[in-house]
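Student: need the 3D shape of this:
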Amino acid sequence: MAGSGTTGGNSTVDSYSASIGVSSFEIDLFGRLKNLSKAAFEQYLATDAGTRATRLTLIGETATAYATLAADQDLLAVSQDTVASAERSLKLTQALNRVGLTGKLDVRSVETVLERARSDTQAAITQVAQDRNALDLLVGAPVEPALLPVSLGALSPGIATLRVGLSSDALLRRPDVIQAEHSLIAANANIGAARAAFFPKISLTSALGFASSALSSLFSGGAFNWSVGPSASLPIFGGTNRGNLHYSEAQRDLYVAQYEKAVQSAFREVADALARAGTIGRQQAAQAALVTASEQSFRLSDARYREGIDTFLTALDAQRTLYSARQTRIATDLAAVTNRITLYQVTGGE
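Tutor: Numbers count the residues shown, from 1 in each chain. Predicted structure coming up:
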């Protein structure tokens, strides 16, 4: 501001003044703002860890859907092969029945195998289509046919197994454990903020004024006028503040329990997956041997039936056993693949 005045005739005095406004601010004497800031930061880190946990889950679900599609395509191929085999057996049995070398019971028995395989084929076609839809949904767009799995056997070698000697420290890097940890830290920070609310919150509103012809003399001599208006807000001990403190402590206890649960769940999930990993290889080997034996049994039984040495009942039982063994083998191979995917998930993507 500027002003002028005349005193005693010709004497003129010009005066200049300026003011600087300083916004109100709170002095964080007892750490309330610091704790609130820390709590907000930890909540952000918890949210970020939750995002990574969701991403890991999506990866696992997509990989599982991909493997399931491969397995169901294999089941479709098995049922189609069984249909073709049963149709050949039915033609032969009908021909033998026409010349009186076999009875109607044999014809009906072959028909049961054929119709069962036909029913399984249609169910498998439906399941493959649903698997494709599920995979497209997880990916967010139609998956090109060239990117789809050829078979479960071709897919399995590309899925890594858990590396040997992996430390349990890896579980502390699981996103869900990290999320629970940051939530717990944030809860503790909120307790600090709630405690600090019991103490005075002091704010200062300052106005700086001076009259001078040069800014260089701002902080010198008597040209500078300083005024500070302090005010303190003293909360009453109890009431809302005490309730907020108890609430924060209860929240802390909740997050402690959730963190303990996350750690315990991590170890249990890994233990369960490793227990399956310890037996699935031997189960696969046994199932593969069963399929081989069933194939040989069916070939021999079918050949003996065609030569008139054995009844059709023996060949029929061998065919049913082979069909069931091939289906079970696919289910076992799928369990082995999904076990690897599960281990990847439960170890936090290690």
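Student: can you get me a residue count around A40?
Tutor: A count of nearby residues for A40, using other C-beta atoms under 10 Å, gives 12. (C-beta placed from N, C-alpha, C; glycine too.)
Student: pull up the gap between it and D48, please.
Tutor: 13 Å (C-beta to C-beta, to the nearest Å).
Student: before we move on, what about Q251?
Tutor: To D48, Q251 is 20 Å away according to C-beta to C-beta.
Student: ok, now A286?
Tutor: 45 Å.
Student: can you list contacts of stretch 250-265?
Tutor: With contacts defined as C-beta atoms under 8 Å, 6 or more residues apart in numbering, stretch 250-265 is touched by 171, 174, 176-177, 179-181, 183-184, 186-188, 190-191.
Student: make it 10 Å
Tutor: 46, 171-172, 174-191, 194, 346 (C-beta atoms under 10 Å, 6 or more residues apart in numbering).
Student: out of the residues you listed, which sit inside helices?
Tutor: The members of the contacts of stretch 250-265 that map onto helices under DSSP state H are 46, 175-191, 194, 346.
Student: look up the closest residue to R174, ignoring the ones flanking it.
Tutor: Leaving out its chain neighbours, the residue that sits closest to R174 by C-beta to C-beta, 6 or more residues apart in numbering is G348, at 3.8 Å.
Student: quick one: residues contacting that neighbour.
Tutor: G348 is in contact with 52-53, 56, 170-178, 266, 270, counting by C-beta under 10 Å, 6+ apart.
Student: can you give me the helices in the chain?
Tutor: 32-98, 104-139, 152-155, 175-196, 239-306, 312-346.
Student: tell me the pLDDT of the spatially closest residue to P149 that is not a sequence neighbour.
Tutor: For P149, ignoring the flanking residues on the chain, the nearest one in space by C-beta to C-beta, 6+ apart is A70 at 3.7 Å. With respect to pLDDT, A70 scores 95.
Student: ok, now V291?
Tutor: At V291, the model reports a pLDDT of 95.
Student: next, count neighbours for it.
Tutor: Look at V291: counted by other C-beta under 10 Å, it has 19 neighbours.
Student: quick one, what contacts it?
Tutor: Counting by C-beta under 10 Å, 6+ apart, V291 has contacts T321, L322, S324, A325, R326, Q327, T328, R329, I330.
Student: ok, the fifth one touching Q80?
Tutor: Spelled out, it's R326. No. Between R326 and Q80 there is no contact under C-beta atoms under 10 Å: 11.6 Å.
Student: between Q251 and D48, point out the one with more neighbours.
Tutor: Using other C-beta under 10 Å, the more surrounded residue of Q251 and D48 is Q251, with 18 against 14.
Student: excluding sequence neighbours, find me the nearest residue to the residue nearest the centre of the chain.
Tutor: Centroid check for the chain by C-alpha atoms, centre = their mean gives T57 as the closest residue, at 2.0 Å. Of all residues not flanking T57 in the chain, Q345 sits nearest, at 7.1 Å (C-beta to C-beta, 6+ apart).
Student: can you give me the pLDDT of that neighbour?
Tutor: Looking at Q345, its pLDDT reads 86.
Student: who's in contact with it?
Tutor: Neighbours of Q345 in contact, by C-beta under 10 Å, 6+ apart: A53, L56, T57, I59, G60, E61, A63, T64, R174, E269, V270, A273.
Student: test my guess that the third one contacts D176.
Tutor: Yes. Checked against C-beta under 10 Å, the pair T57 and D176 is within contact range at 9.2 Å.
Student: got the end-to-end distance for stretch 135-145?
Tutor: Stretch 135-145 stretches 12 Å from its first residue to its last (C-alpha to C-alpha, to the nearest Å).
Student: next one: stretch 147-157
Tutor: By C-alpha to C-alpha, the extent of stretch 147-157 from end to end equals 16 Å.
Student: mind checking the pLDDT average for that stretch?
Tutor: 88.
Student: same question for stretch 43-54.
Tutor: 81.
Student: please begin residue numbering at 28 from this point
Tutor: Understood, numbering begins at 28; the last thing we discussed is stretch 70-81.
Student: list the buried residues of it.
Tutor: Neighbour counts over stretch 70-81 (16 or more other C-beta atoms under 10 Å) mark Q70, L72, A73, A76, G77, R79, A80 as buried.
Student: same check, this time on stretch 170-189
Tutor: By 16+ other C-beta under 10 Å, the buried positions in stretch 170-189 come out as V170, P176, L179, L182, S183, I186, L189.
Student: kindly state the pLDDT recorded for A302?
Tutor: 88.
Student: what sits against it?
Tutor: Per C-beta under 10 Å, 6+ apart, neighbours of A302: N366.
Student: how close does it sit to T365?
Tutor: A302 is 14 Å from T365, by C-beta to C-beta.
Student: one more: R190?
Tutor: Separation of R190 from T365 (C-beta to C-beta) stands at 19 Å.
Student: sweet, I'm off.
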